[in-house]
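*Asks:* need the 3D shape of this:
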Amino acid sequence: MPEAVALGELLIDFVSIDKDVSLTDLPSFAGAAGGAPANVAVGLARLGVGAGFVGKVGQDPFGEFLRRTLDRAGVDVEFLRMDPGARTTLAFVATRSDGQKDICFYRNPGADMLLAAEEVNGDYLQSARLLHFGSVSLSRSPAREATIHAALLARRAGLLVSYDPNWRPTLWQDEREANGRIWEGMSFAHIVHCAEEEWDFITGTGDLEGGARRVLDAGPGLVVVTLGERGCYYDDGESRGEVSGFEVEVIDSLGAGDAFVAAMLSQLIYGPRNRRLSDAQLREVMTYANAAGALTCTRRGVIPALPTARDVERFLDRARA
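*Replies:* This next block holds a predicted model:
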């Protein structure tokens with residue numbers, strides 16, 4: 001049984017080969033496995049944490065490719081379902097020099113939307129130490145109910161619960177509903193990660209400390225905001241601050257946030273639930289996560305770029321020398 005389970009979307013990312021070319025200009029694309037929770041599962045496996053993935057893909061060539069990719073990366077796929085009646089979700093991504101991206105999803109419906117609560121194996125989930133999920137699977141039923149069911153099971157079983165409230169406007173029909181559903185996920189989480197570009201929409205403020213206070217008031221014990229090349233901000237209600245990032249030659253920034261989350265969770269999964277980390281310990285965790293995110297930017301693709309624990313330690317040793 002895995003120590004960590006990620007639940008949510010697994011899809012094919014078709015990423016523009018050239019930067020700063022809009023989707024309307026139909027750039028050339030390279031296909032790769034994607035989906036934030038799946039990336040985190042692979043990231044954890046690369047860092048030495050036994051990881052499993054729960055989700056749904058189509059019973060089609062793309063779905064088989066995704067299953068094989070996760071399996072080869074060391075992720076348990078026993079409960080990755082394959083739906084014969086739906087296609088694997090596709091996402092077309094146009095990248096930009098500033099690190100932002102434009103995404104168009106082909107998901108009408110995509111198989112990831114169709115994961116049902118009864119397809120979430122309670123014994124499998126509750127035997128783990130950690131559950132990680134995001135807000136994309138909250139955007140449609142029945143995946144929404146499956147996600148909430150899994151989060152409830154995890155909380156009741158005493159798992160550490162991590163949540164990544166991704167804001168993907170094209171997946172939602174109404175921004176007010178999206179914001180409400182995203183906040184619904186906060187109540188299940190111990191740890192919340194958010195990217196800076198999503199912070200204003202989610203929290204209603206560009207202020208990191210003010211927005212973090214709102215998230216902490218909803219129940220989580222730790223909020224982390226990734227700030228791109230500037231590093232990250234962390235806040236647990238007592239300790240807070242920014243930890244600088246690392247300067248690297250950026251080849252492809254896609255997936256850096258998922259690498260950060262995986263590295264952060266790899267450092268927190270074995271800690272006690274009822275004791276806060278000191279500020280020094282939190283800064284050490286965030287430094288490790290920043291290093292993983294930076295390393296991912298130096299390679300092309302997401303899953304191929306996710307670092308091992310040895311990669312991160314070597315990087316940190318060079319940075320400290």
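*Asks:* roughly how far out does the helix or strand harbouring R318 sit from the chain middle?
*Replies:* Using DSSP states H and E, R318 sits in helix 309-320. Helix 309-320 has its C-alpha centroid displaced from the chain centroid by 23 Å (Cα atoms, centre = their mean, to the nearest Å).
*Asks:* same question, stretch 143-159
*Replies:* 17 Å.
*Asks:* what comes up buried for it?
*Replies:* 143-151, 153-155, 159 (16 or more other Cβ atoms under 10 Å). To be clear about C-beta, it is placed using only N, CA and C from the backbone, and glycine gets the same treatment.
*Asks:* got the residues you listed as JSON lines, with pLDDT, secondary structure and distance to D207 columns?
*Replies:* Shown next, in JSON lines, are the buried residues of stretch 143-159 (pLDDT from 0 to 100; DSSP: H, G, I helix; E, B strand; the rest coil; distance: Cβ to Cβ, whole Å):
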{"residue": "A143", "pLDDT": "98", "secondary structure": "helix", "distance to D207": "32"}
{"residue": "R144", "pLDDT": "98", "secondary structure": "helix", "distance to D207": "30"}
{"residue": "E145", "pLDDT": "98", "secondary structure": "helix", "distance to D207": "34"}
{"residue": "A146", "pLDDT": "98", "secondary structure": "helix", "distance to D207": "34"}
{"residue": "T147", "pLDDT": "98", "secondary structure": "helix", "distance to D207": "29"}
{"residue": "I148", "pLDDT": "98", "secondary structure": "helix", "distance to D207": "29"}
{"residue": "H149", "pLDDT": "98", "secondary structure": "helix", "distance to D207": "34"}
{"residue": "A150", "pLDDT": "98", "secondary structure": "helix", "distance to D207": "32"}
{"residue": "A151", "pLDDT": "98", "secondary structure": "helix", "distance to D207": "28"}
{"residue": "L153", "pLDDT": "97", "secondary structure": "helix", "distance to D207": "35"}
{"residue": "A154", "pLDDT": "97", "secondary structure": "helix", "distance to D207": "31"}
{"residue": "R155", "pLDDT": "96", "secondary structure": "helix", "distance to D207": "29"}
{"residue": "L159", "pLDDT": "96", "secondary structure": "coil", "distance to D207": "31"}
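*Asks:* what about G55, how many neighbours?
*Replies:* 29 (other Cβ atoms under 10 Å).
*Asks:* surely it is within a helix?
*Replies:* No: assessed with DSSP: H, G, I helix; E, B strand; the rest coil, G55 is strand; it does not lie in a helix.
*Asks:* residues contacting it?
*Replies:* Each residue near G55 by Cβ atoms under 8 Å, 6 or more residues apart in numbering is listed here: 7-10, 35, 37-38, 80-81, 112, 115, 137.
*Asks:* list just the nearest of the residues you listed to S127.
*Replies:* L7 (14.3 Å; Cβ to Cβ).
*Asks:* phi, psi of the closest one?
*Replies:* phi -130, psi 140 (degrees, to the nearest 10).
*Asks:* what's the answer for the one 3 residues further on, then?
*Replies:* Backbone torsions of L10, given as degrees, to the nearest 10, read phi -130, psi 120.
*Asks:* shaky segments in this structure?
*Replies:* Within the chain, the segments meeting pLDDT under 70 span 98-100, 273-274.
*Asks:* all helices for it, in order.
*Replies:* 36-46, 61-72, 122-126, 143-156, 175-186, 196-203, 208-217, 256-268, 279-297, 309-320 (DSSP state H).
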